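>>> this one's structure only:
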């Protein structure tokens, strides 16, 4: 019982049943048989001091024993038996029992020997009453089948009420004993084997008193909650809901974080594209001054005709023959735009009014700036922080189509001339016709 307590195997899930035939229930006799004590107690000298541990297991225990016998009644029978051992037919004086009379103790099973001898005597008497004392008496007594029938009946014996049924089999009366809430051994059930079957007599009106020393006073389950292996614990719906809710929350959080990141990156990209569409006239643009370029020693090769490199800045220059076109008017102007360590000449179209750009306008401007095709002049952005609004376009340093045609250097080659005529024809067809 102490070992059970050490292993924590005496919780409310456990029930221990001790089958016994001592007719003592939860009482154990002392060594000399004169006294009784609770079976969880240690009577050794010195005791081990672990009675409390054993008692915790005893609270979860029951004894299944035949009808319990009063200790005083057993002591009276013991004294009668030890006193008669010196009489006929044994004639045993003190020396045959040992030198110390205090060690004389009748076995607890002496009660069964008493009842067995008494039953035998009753069967012999019944046989003699039925058959008389004839010469066949011995043969009938030795006939097991006949003699077993002579044992049928009942009498009050040392082991309680002795009832013998068919074939000489005893119909026992068992007592189920346990501890009540005060720790007192109490007989809860009487179980008897009747001719009609097993009969159970309850010695209580409310079953809760039997389990009063357990949590909530409830009967333990036939099968433990987690099974006898301890690994079959049922998973509650609440646990599934908690796990499922946690997973839903986790995936929702991940999805929201992903959506938030995607939206934030989209806004950042829109802001970047809007910044690229908006060109600062003060920070990124400077007026193109052909005279200034000439004063710097570039009269023969002005700004933007070819590409040269000065450190990390890319500079493009133009020929003096094209400078006539780079004149600012009321409707357009030319600027040097510095961005990403590069400078290029851009064409600016002026507008005589100011408007507030809304979200739809910015979307269209972003789309226009992202449009890139070999046959379409590139839109670079719009400037709104100057005196007026200006739309900035890439400068076509080769001039217009008319400029290309009028320059004999471009049409001296027959293939180039044919290509130009075919392109002009395609444009006219796409535009719905060209007027001369």
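On my side now, so go ahead. Quick caveat, the model's predicted, so the values are computed rather than measured.

>>> Look at the residue nearest to the spatial centre of the chain and give its secondary structure.
With distances taken as C-alpha atoms, centre = their mean, residue 243 lies nearest the centre of the chain, 6.0 Å away. Secondary structure state of residue 243, per DSSP: H, G, I helix; E, B strand; the rest coil, is helix.

>>> unless I'm mixing things up, residue 85 is touching residue 92, no?
Yes: counting by C-beta atoms under 8 Å, residue 92 is a contact partner of residue 85 at 4.9 Å. Heads up, the C-betas are built off the backbone N, CA and C, glycines and all.

>>> neighbours around residue 1, how many?
Residue 1 has 20 neighbouring residues, counting by other C-beta atoms under 10 Å.

>>> Touching, residue 331 and residue 347? I think so.
No: the criterion here is C-beta under 8 Å, and residue 331 misses it with residue 347 at 11.1 Å.

>>> and those two? which has more neighbours close in?
Using other C-beta under 10 Å as the criterion, residue 331 and residue 347 rank with residue 347 on top: 19 against 10.

>>> Hmm, that one is touching residue 334, no?
Yes: in this structure, residue 347 is within contact of residue 334 by C-beta under 8 Å, at 6.3 Å.

>>> Can you work out which residues contact both of the two?
Common neighbours of residue 347 and residue 334 (criterion: C-beta atoms under 8 Å, 6 or more residues apart in numbering): residue 395.

>>> Check what pLDDT residue 248 gets.
If you check residue 248, the pLDDT there is 92.

>>> Any figure for the gap between residue 154 and residue 23?
17 Å (C-beta to C-beta, to the nearest Å).

>>> who has more neighbours, those two?
The neighbour count for residue 154 versus residue 23, taken as other C-beta under 10 Å, is higher for residue 23 (21 against 12).

>>> Quick check, pLDDT for the more buried one.
Taking residue 23 on its own, its pLDDT is 75.

>>> got it, and residue 26?
Confidence score, pLDDT, at residue 26: 79.

>>> excluding its backbone neighbours, what's nearest it?
For residue 26, ignoring the flanking residues on the chain, the nearest one in space by C-beta to C-beta, 6 or more residues apart in numbering is residue 185 at 4.0 Å.

>>> How many neighbouring residues does that neighbour have?
So residue 185, with other C-beta under 10 Å, has 17 neighbours.

>>> With residue 343 instead?
19.

>>> Please apply the same query to residue 61.
Neighbours of residue 61 using other C-beta under 10 Å come to 22.

>>> again, but for residue 106
So residue 106, with other C-beta under 10 Å, has 20 neighbours.

>>> One more: residue 80?
Neighbour number of residue 80 under other C-beta under 10 Å is 10.

>>> The stretch 101-250 of the chain: helices as residue ranges?
Counting by DSSP state H, counting those that start in this stretch, one finds helices in the stretch 101-250 of the chain at the ranges 110-131, 137-142, 144-150, 237-277.

>>> and the gap between the residue nearest to the centre of the chain and residue 251?
In terms of C-beta to C-beta, residue 243 sits 13 Å off from residue 251.

>>> Also residue 232?
In terms of C-beta to C-beta, residue 232 sits 30 Å off from residue 251.

>>> same thing with residue 374?
Taking C-beta to C-beta, one finds residue 374 at 48 Å from residue 251.

>>> Which one's more surrounded, those two?
Set side by side, residue 374 and residue 251 show more neighbours around residue 251, with 10 against 4, by other C-beta under 10 Å.

>>> how near is the more buried one to residue 262?
Using C-beta to C-beta, we find residue 251 at a distance of 16 Å from residue 262.

>>> likewise residue 124?
Counting by C-beta to C-beta - residue 124 and residue 262 are separated by 104 Å.

>>> which one of those two has more residues nearby?
residue 124 (15 against 10).

>>> List the residues that contact the closest residue to that one other than its chain neighbours.
Excluding its sequence neighbours, the residue lying closest to residue 124 (C-beta to C-beta, 6+ apart) is residue 141, at 6.4 Å. Contact analysis of residue 141 by C-beta under 8 Å, 6+ apart lists 124, 127, 147.

>>> Pull the number of nearby residues for the second one.
Close neighbours of residue 127, defined as other C-beta under 10 Å, add up to 19.

>>> Renumber starting at 20 from here on
Fine by me, first position is 20 from now on; the one you just mentioned is residue 146.
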